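[1] Structure here, sequence nowhere to be found:
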């Protein structure tokens, strides 16, 4: 009997010990902000545009039945305006029982404000940590405007994790979390829920905005280019007129050369005139992509011994085309790939930046990449994408489009595919980031 | 009492299982939680270890490859082939990275001249191999040109030719590069040998 008591005591102690260990992986969440409360007391670690936050709260409370999508309530005390003090933008976590389930972005455009629900994991994790009761500190705010155009603001917090949860003042380590917001990149036309790939659910119809009580000033954000319109411009005879260039020179290069790349650089002047420049063939090497000046796009081939889909450094090339383009080409960049698929069919793909999703800056600021050069980040990201292509290639019917979309799910990189006669494009999408996700083409019309 | 004991063991083992994730190197690791381990469960990488030499007149390309267990790569771990190389062109040494071979970097994949562990199927469009045995495994590594910072696929197959152990190699698909026409010169070409060649095991 005594033996049994001892054993039960020992087991009880061990179970309690295991529970303590398990608690290490759970943040302490508290809902200091009562969703029903009308009082606003900022719990952000930075200075915020409180006038804008209060005005948006007023709009939300008046129209919350129309605006609200799904579960949770905005935690207004944690709203952040990302260093913008012109009553132009805020983001606020939406939480249910202390768990962040979405982030509500509210940009102002003229006299109206627009409510957009996003579910970008990185942003949700940032706010979840901001709302945590753990010891935390604000890190330096990073303003990335090296190109002088796309201005991105990154806010970073560091959370303290004690080595022993029962001794919160003892030794431990700090972990960083960040959120990035880029001006002129908000999806303003979606009143519903924006999926991580930028898909707008709900909304539509009339102007989905709500009158802004503060009045506001000039339109704080210019209208971004629509990717489908950019694709159409590439094909129009009066604009890019790229069909003949692709079907003549590039198709034959792929047929006749097992290595190397053919390429065409595209330029647009300040009057909107598009001209092309055929690049010399590269033998065994990759086409160097020209950026800056009037260059806004490039078309390149992949040989038949490369994957028939973009590499990650192709995405990086698109980023360089965008941030180094002339002011009149801002938001107009694209990168095209002409290749032969596993069925021997020629395909033309385009990647363009969408108006929502994680930015390249988020990838540069990923904890794995802190301290790495861009060359090292390119090498890591290229290999990760190629590893996924390698794994896919072991299947009987590899689908590299799906792999590309899975690996870039939640980012602002959009993938488009030309139809067989090169007269139009479709946007390729997957509904969710799951293995073997089916690709859905949506015609640009 | 037995029931209590088994219940405890069940709870405890469930908790232990949730602490780590080990996957085979045939899997990319995408979607795995941070801290996972891509392990060479079937020792596919082992036969590729060694020193290999390619000579063509006064041109010499020599590599040394080592298998490393549970190496840090970003926020997870992998069994990796790492290596370094020497390239002599027309009798002049262009580059020699052998002194880095035994350095243990905080990220072994990023820093070594040659690194990787990806498995290629016989029908991979990167390098088709109709002559390969059905279950034969080839590997894709990444080779970084230390002179230009460009990198390319380093594909390899172990086989025996005329009784000699050799490494058939294909270096291809250098990475895409960009340059700002207003502020930068055109980037240098990948300067290591490209194409297919056979290296003799030393």
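    Perfect, thanks for sending it. What you see is a predicted model, and the numbers here were worked out from it, not measured in a lab. Residues are numbered from 1 along each chain as shown, chains lettered A, B, ... in the order given.
[2] C-terminal to the helix or strand of chain B with the lowest mean pLDDT, what's the next element?
    In chain B, no helix or strand scores lower on mean pLDDT, DSSP states H and E than helix B:2-17, which sits at a mean of 51. Next in sequence after helix B:2-17, counting helices and strands by DSSP states H and E, comes strand B:22-24.
[3] Give the pairing partners of that following strand; include direction for each.
    strand B:37-39 (parallel) (DSSP bridges).
[4] what does the strand it pairs with contact?
    B:20-25, B:27, B:29, B:70, B:76-79, B:117 (CB atoms under 8 Å, 6 or more residues apart in numbering or on different chains). Yep, even glycine has a C-beta here, placed from its N, CA and C like the rest.
[5] could I get the residues you listed as JSON lines with pLDDT?
    Output for the contacts of strand B:37-39, formatted as JSON lines (pLDDT from 0 to 100):
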{"residue": "B:20", "pLDDT": "64"}
{"residue": "B:21", "pLDDT": "91"}
{"residue": "B:22", "pLDDT": "95"}
{"residue": "B:23", "pLDDT": "95"}
{"residue": "B:24", "pLDDT": "95"}
{"residue": "B:25", "pLDDT": "93"}
{"residue": "B:27", "pLDDT": "90"}
{"residue": "B:29", "pLDDT": "87"}
{"residue": "B:70", "pLDDT": "95"}
{"residue": "B:76", "pLDDT": "90"}
{"residue": "B:77", "pLDDT": "94"}
{"residue": "B:78", "pLDDT": "95"}
{"residue": "B:79", "pLDDT": "97"}
{"residue": "B:117", "pLDDT": "97"}
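[6] just the helices in the stretch 251-400 of chain A please.
    With DSSP state H, counting those that start in this stretch as the criterion, the stretch 251-400 of chain A has helices at A:251-256, A:312-323, A:360-364, A:374-393, A:400-407.
[7] That should have said chain B, apologies.
    Taking DSSP state H as the criterion, chain B carries its helices at B:2-17, B:108-111.
[8] how about the nearest residue to the residue most central in space within chain B, chain neighbours excluded?
    Nearest to the mean C-alpha position of chain B, by CA atoms, centre = their mean, lies residue B:116 at 2.1 Å. With CB to CB, 6 or more residues apart in numbering or on different chains as the criterion, residue B:116 has its nearest non-adjacent residue at 3.5 Å, and that residue is residue B:141.
[9] these two touch, right, the residue nearest to the centre of chain B and residue B:138?
    No: with contact defined as CB atoms under 8 Å, residue B:116 does not count as touching residue B:138 (11.9 Å).
[10] Show the contacting residues for residue A:42.
    Applying CB under 8 Å, 6+ apart, the residues contacting residue A:42 are A:48, A:50, A:53, A:77, A:79.
[11] Nearest residue to residue 139 in space, please, no chain neighbours.
    Just so you know, I chose chain A. Using CB to CB, 6+ apart, the closest residue to residue A:139 is residue A:156 (3.9 Å).
[12] wait, I meant chain B there
    residue B:156 (5.5 Å).
[13] For the one you found, list each beta-bridge partner.
    With DSSP bridges as the rule, residue B:156 is bridged to residue B:139, residue B:169.
[14] In this structure it contacts residue B:47, no?
    No: in this structure residue B:156 lies outside contact range of residue B:47 using CB under 8 Å: 10.3 Å.
[15] just to revisit the earlier point, of the contacts of residue A:42, buried ones?
    Buried members of the contacts of residue A:42, counted by 16 or more other CB atoms under 10 Å in any protein chain shown: A:48, A:53, A:77, A:79.
[16] The first one belongs to a strand, doesn't it?
    No: checked against DSSP: H, G, I helix; E, B strand; the rest coil, residue A:48 lies outside a strand; its state is coil.
[17] for it, what are its contacts?
    Contacts of residue A:48 by CB under 8 Å, 6+ apart are A:42, A:79-81, A:90.
[18] Per-residue confidence, the closest residue to residue A:253 other than its chain neighbours, what does it come out as?
    Spatially, and ignoring its direct neighbours in sequence, residue A:253 is nearest to residue A:262 (4.0 Å; CB to CB, 6+ apart). pLDDT for residue A:262: 86.
[19] What does residue A:262 show for phi and psi?
    Torsion angles at residue A:262 (phi, psi; degrees, to the nearest 10) stand at phi -100, psi 160.
[20] what's around it, how many residues?
    24 (other CB atoms under 10 Å in any protein chain shown).
[21] Same check on residue B:92?
    9.
[22] what does residue B:128 give?
    14.
[23] got a list of what the spatially closest residue to it that is not a sequence neighbour touches?
    With sequence-adjacent residues excluded and distances taken as CB to CB, 6+ apart, residue B:128 is closest to residue B:122, at 7.4 Å. Contact analysis of residue B:122 by CB under 8 Å, 6+ apart lists B:128-130, B:132, B:134, B:136, B:138.
[24] Per-residue pLDDT of residue B:122, please?
    So residue B:122 comes in at 93 (pLDDT).
[25] any idea how far it lies from residue B:137?
    Separation of residue B:122 from residue B:137 (CB to CB, to the nearest Å): 9 Å.
[26] and the nearest residue to residue A:138 once chain neighbours are set aside, helix, strand or coil?
    Once flanking residues are discounted, residue A:138 sits nearest to residue A:45: 3.8 Å by CB to CB, 6+ apart. Classification of residue A:45 using three-state DSSP returns coil.
[27] Now for residue A:45, how many residues are close by?
    Neighbour count for residue A:45, taken as other CB under 10 Å: 16.
[28] Looking at residue B:156 and residue B:47 now, which is surrounded by more residues?
    Remark: of residue B:156 and residue B:47, residue B:156 carries more neighbours, 23 against 13, as counted by other CB under 10 Å.
[29] how far away is that one from chain A?
    From residue B:156 over to chain A the distance is 14 Å, taken as CB to the nearest CB, to the nearest Å.
[30] list the contacts for that residue?
    B:48, B:138-139, B:141, B:167-170.
[31] Generate CSV for those, with neighbour count as supplementary columns.
    Formatted as CSV, the contacts of residue B:156 follow (neighbours: other CB atoms under 10 Å in any protein chain shown):
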residue, neighbour count
B:48, 21
B:138, 23
B:139, 21
B:141, 27
B:167, 21
B:168, 17
B:169, 22
B:170, 20
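[32] pLDDT wise, what is residue 200 at?
    Because you didn't say which chain, this covers chain A. Reported pLDDT at residue A:200 in the predicted model: 49.
[33] Please refer instead to chain B.
    97.
[34] Number of residues surrounding it?
    Neighbours of residue B:200 under the rule other CB under 10 Å: 14.
[35] do the same with residue A:397
    Here the number of neighbours of residue A:397 (other CB under 10 Å) works out to 7.
[36] Quick check: which ranges of chain B have low pLDDT?
    Within chain B, the stretches with pLDDT under 70 are B:1-20.
[37] Which residue ranges of it form strands?
    B:22-24, B:37-39, B:50-56, B:59-73, B:76-89, B:92-96, B:114-120, B:138-145, B:150-161, B:164-172, B:177-180, B:195-201 (DSSP state E).
[38] Chain A versus residue B:113, what's the distance?
    12 Å.
[39] which residues does that residue contact?
    Contacts for residue B:113 (CB under 8 Å, 6+ apart) come out as B:83-85, B:97, B:100, B:143-144, B:146.
[40] Now do the phi/psi pair for it.
    phi -60, psi -40.
[41] coming back round to it: any chance of the contacts of residue A:42 in JSON lines, with distance to residue A:256 and pLDDT too?
    Below are the contacts of residue A:42 laid out as JSON lines (distance: CB to CB, whole Å; pLDDT from 0 to 100):
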{"residue": "A:48", "distance to residue A:256": "60", "pLDDT": "88"}
{"residue": "A:50", "distance to residue A:256": "65", "pLDDT": "87"}
{"residue": "A:53", "distance to residue A:256": "62", "pLDDT": "90"}
{"residue": "A:77", "distance to residue A:256": "65", "pLDDT": "91"}
{"residue": "A:79", "distance to residue A:256": "59", "pLDDT": "92"}
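[42] could you dump these to a markdown table with distance to residue A:314?
    A markdown table is the format used below for the contacts of residue A:42 (distance: CB to CB, whole Å):
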| residue | distance to residue A:314 |
| --- | --- |
| A:48 | 38 |
| A:50 | 43 |
| A:53 | 40 |
| A:77 | 42 |
| A:79 | 37 |
